[in-house]
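Chemist: I'd like to go over a predicted model; first the sequence, then the structure.
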Amino acid sequence: MKLVSVGADGTGVAEVAGARYDVQLGLLEDAAVGDYVIVHAGYAIEKLDGAEAEERLALFAEMARRERDGSG
Amino acid sequence: MAEGKILLAHGGGGRLSRELVERHVGPRFAGGPLEGFPDAARIAVGGASIVFTTDSFVVSPRRFPGGDIGCLAVHGTVNDIAVGGGRPRWLSLALICEEGLALAELDGVLDSVARAAARCDVRVATGDTKVVARGQCDGLYVNTAGVGEALPGFEMGAEKLRPGDVVLASGDLGDHGMAVMAARAGMNVEGRLASDTGPVHRLVLALDELAPAVRFMRDPTRGGAASVLHEMLGDRDDIGIVLRERDLPFSAGARAVAEVVGADLLHVASEGRVLLVCAPEAAPVVLERWRALPEGAGARAIGEVTRDRGRVVLETAVGGRRLVDVPQGELLPRIC
Amino acid sequence: MKYLDGFRDPDAARFLRRRLEAAAARLAQAGRSVRLMEVCGTHTMAIARHGLRDFLSDNVSLCSGPGCPVCVTDAGYIDAALELARRGVTIATFGDLVRVPGSSATLAEARAEGARVVVCYSPAEALALARAPGAPEVVFLGVGFETTVAPLALLLRSAVAAGATRFSMLAALKTVPRALAALAEDPEVGVNGFLCPAHVSAVIGAAAYEPLVERYRIPCTIAGFEPLDILFGLVDLLEQLADGRACVVNQYTRVVRPEGNRKAQAAIAEMLEPVDAAWRGLGVIPGSGLAIRERFAAFDAERRHGVAVRPGRPAPGCRCGDVLKGKILPDACPMFGGACTPEHPVGPCMVSGEGSCAAHYKYAR
């Protein structure tokens, strides 16, 4: 989920596809608006590393491409 | 075990709800139109063939994006008549109010009922109001019953399904349940997820001369599409249904909330949709007629009837296969 | 949902199916059948929901280990919660626990009899409930692995800081690495590779599995929850086995760091300390549990309310323990689908949303 607001009291609001949700941010070192976070039971437990996520998606996309091209 | 008491799960629309009706209600009223526990009964009254149904509404919160308990109560009963093969005509309206309910809120609900009834071409013919002391009910409960003219040509039931028949959905599934869930959890979905509550009778009327090709029709409310698909199979162990996950219609907003709360959208209620099984040659025509109506714009084929032993199987988007079970438990209490 | 679609591409899945088959074939050529185990309730459900077992060859079995914290909660814990409810305490809990059988009853049944049982999505709701004016005495049922332990540690810290006088937690918190070691040691389990939990690993860090791999030479691969993540994780495990390697491989690098979440670990260490814990079906595993530290005893429901969690009586004939160890598949239990179904569950594996038996019943019968 994406953080859309961060409060001074360790709480924030996260959003996914337009659905907004209150989250507790006390387990994160530094949380900023725009960060993507993993939320469990209303608590953000870790940030999503955008660069790593992009790499992973690119890897799967490459697998898909190879499968379609028949190059295995 | 839980012998002897009603559990929340009995109201969930899944297996336990079915058990409650089959084991406690059924034996006392066996035979006749109650057989098989359809949502609406086709009965004869003084020579006229009518469709008769009732439904109670305990939704919380009473107002949610896309609607409120008032229009929900109208649409719910109008739709049960429609999918029972009827043209809705008259409604009764019974209110149970908790002491302390704001009159302004009651007026708002009644206005909503009036508007919805007008849009559905039905009229409220009779009703009742009761008041209970503070704490003895939660704000407001509504019951509606309805009667309509039985439309000719519909002969539906699980026994009519044949391998090769097509399963159609009139639009996105699960928006109502997810919208109520989001509202209850304080998720601010900002207008991108609203209840789909609305009438479906025009979708049924559009079937017209195709009625004999329709094997089964239901609106997927409590328990969602999964519940309806299992009802379609009834007790038969010679047929099954295969769904294709990539063809299932779900809105982005509903998907998002479902991912967050871990819900399976096949188990989530819609309040303005039809699921229908028909002969394969009728399917393209039904889809064309549905898509011509705003409430059927998202209609599509989602699967077909196969030879199987009473299972509903999903071909997953990623290429696996798994069963679709009847939901159980109190997944989403008080969504209708 | 564009982001998720990229993790569910059927063509990529077909590619991974070939890799799985190739690795399995190499193992078959060496005369080997292997058993992989996943130990995360979310993995259990994702594998079932997407029908991923369909992708595995005959000489590869994937079993579900004790990855569902509700399933490994002893019946005696529910009994203690019921005792508190009987005394008029408001029990706040995650939804999954409500239908878990204790020695004689469930919380759902107690609620039907008039007990106050409130289901929370977030434990923060329970603290808010206890702090409202005129609030009842609240006990939160703290059950979970490290992913849940971290939020609960934070919650306890908030309760202490706020001086909440009507809030405490009945803790049955467990840690995963010791359980994996116990499973690795058990010859009856015979596990050859672990698919490691995604979000527990985010908290404890990928390095937490190094001692396990060093000692038992069992490959450990951390994978995310999306179907392609899981398939890719299984590919890695099979390839490690076919190559004769045993390493910790972190494939969930977008969330899991080698050192994990230090801030979360600090919160856990501040509020909780390791203790021995009883795992339903596995027995007592030394050092695998977490208890509230002495100086916060006022927030420990056992000490605050003088109620002890004692070993409960599991139902006769219930084989949840063997299912949890991965020794049998759910449908090998004589009660599966007959006396024990999701509507009328006997053991926790069938009750919990993430339980092996519930998943099997819903998705794979």
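Modeler: That came through, no problem. These numbers were taken from a predicted model, which means no experiment stands behind them.
Chemist: any idea which residue sits dead centre in chain A?
Modeler: residue A:36 (3.3 Å; CA atoms, centre = their mean).
Chemist: So in terms of bridging, what pairs with that one?
Modeler: residue A:2 (DSSP bridges).
Chemist: List the contacts of it.
Modeler: Going by CB atoms under 8 Å, 6 or more residues apart in numbering or on different chains, residue A:36 touches A:1-3, A:47-48, A:50, A:53. For the C-beta atoms, the positions are set from N, CA and C on the backbone; glycine is no exception.
Chemist: In JSON lines, list those residues along with neighbour count, distance to residue B:239 and pLDDT.
Modeler: Below are the contacts of residue A:36 laid out as JSON lines (neighbours: other CB atoms under 10 Å in any protein chain shown; distance: CB to CB, whole Å; pLDDT from 0 to 100):
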{"residue": "A:1", "neighbour count": "22", "distance to residue B:239": "42", "pLDDT": "87"}
{"residue": "A:2", "neighbour count": "15", "distance to residue B:239": "45", "pLDDT": "91"}
{"residue": "A:3", "neighbour count": "22", "distance to residue B:239": "49", "pLDDT": "95"}
{"residue": "A:47", "neighbour count": "21", "distance to residue B:239": "49", "pLDDT": "95"}
{"residue": "A:48", "neighbour count": "15", "distance to residue B:239": "45", "pLDDT": "94"}
{"residue": "A:50", "neighbour count": "12", "distance to residue B:239": "48", "pLDDT": "90"}
{"residue": "A:53", "neighbour count": "18", "distance to residue B:239": "43", "pLDDT": "91"}
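Chemist: Of all pairs in the residues you listed, which one is the farthest apart?
Modeler: Within those, A:3 and A:53 form the most distant pair, 15.3 Å apart (CB to CB).
Chemist: could you list every residue that touches the nearest residue to residue C:299 once chain neighbours are set aside?
Modeler: Leaving aside its sequence neighbours, residue C:299 sits nearest to residue C:168 (CB to CB, 6 or more residues apart in numbering or on different chains; 4.9 Å). Listed by CB under 8 Å, 6+ apart, the contact partners of residue C:168 are C:138-140, C:298-301, C:304-305.
Chemist: Restricted to helices, list those.
Modeler: Counting by DSSP state H, the part of those found in helices is C:301, C:304-305.
Chemist: returning to what we had before: Provide the partner residues of the residue nearest to residue C:299 in its beta bridges.
Modeler: Under the criterion used (DSSP bridges), residue C:168 bridges to residue C:139.
Chemist: Just the pLDDT at it, thanks.
Modeler: We have a pLDDT of 97 for residue C:168.
Chemist: Return the distance of it relative to chain A.
Modeler: Residue C:168 is 18 Å from chain A, where distance means CB to the nearest CB, to the nearest Å.
Chemist: Repeat that for residue C:182.
Modeler: Going from residue C:182 to chain A by CB to the nearest CB gives 25 Å.
Chemist: in what helix or strand does that residue lie?
Modeler: helix C:176-185 (DSSP states H and E).
Chemist: what about the closest residue to chain A within the stretch 101-250 of chain C, how many residues close to it?
Modeler: Of all residues in the stretch 101-250 of chain C, the one sitting closest to chain A is residue C:122 (2.7 Å; CB to the nearest CB). Using other CB atoms under 10 Å in any protein chain shown, the number of residues around residue C:122 comes to 21.
Chemist: Tell me how far the residue in the stretch 1-150 of chain B positioned nearest to chain A lies from chain C.
Modeler: Chain A sits closest to residue B:65 of the stretch 1-150 of chain B, with a gap of 11.1 Å, by CB to the nearest CB. Counting by CB to the nearest CB, the separation of residue B:65 from chain C is 19 Å.
Chemist: Can you tell me the closest non-neighbouring residue to that residue?
Modeler: Nearest to residue B:65 is residue B:194, by CB to CB, 6+ apart, at 4.3 Å.
Chemist: Do I have it right that that neighbour meets residue B:178?
Modeler: No. The pair residue B:194 / residue B:178 is not scored as a contact, 9.8 Å apart, by CB atoms under 8 Å.
Chemist: For the two, indicate the residue with more neighbours.
Modeler: More crowded of residue B:194 and residue B:178, by other CB under 10 Å: residue B:178, with 34 against 20.
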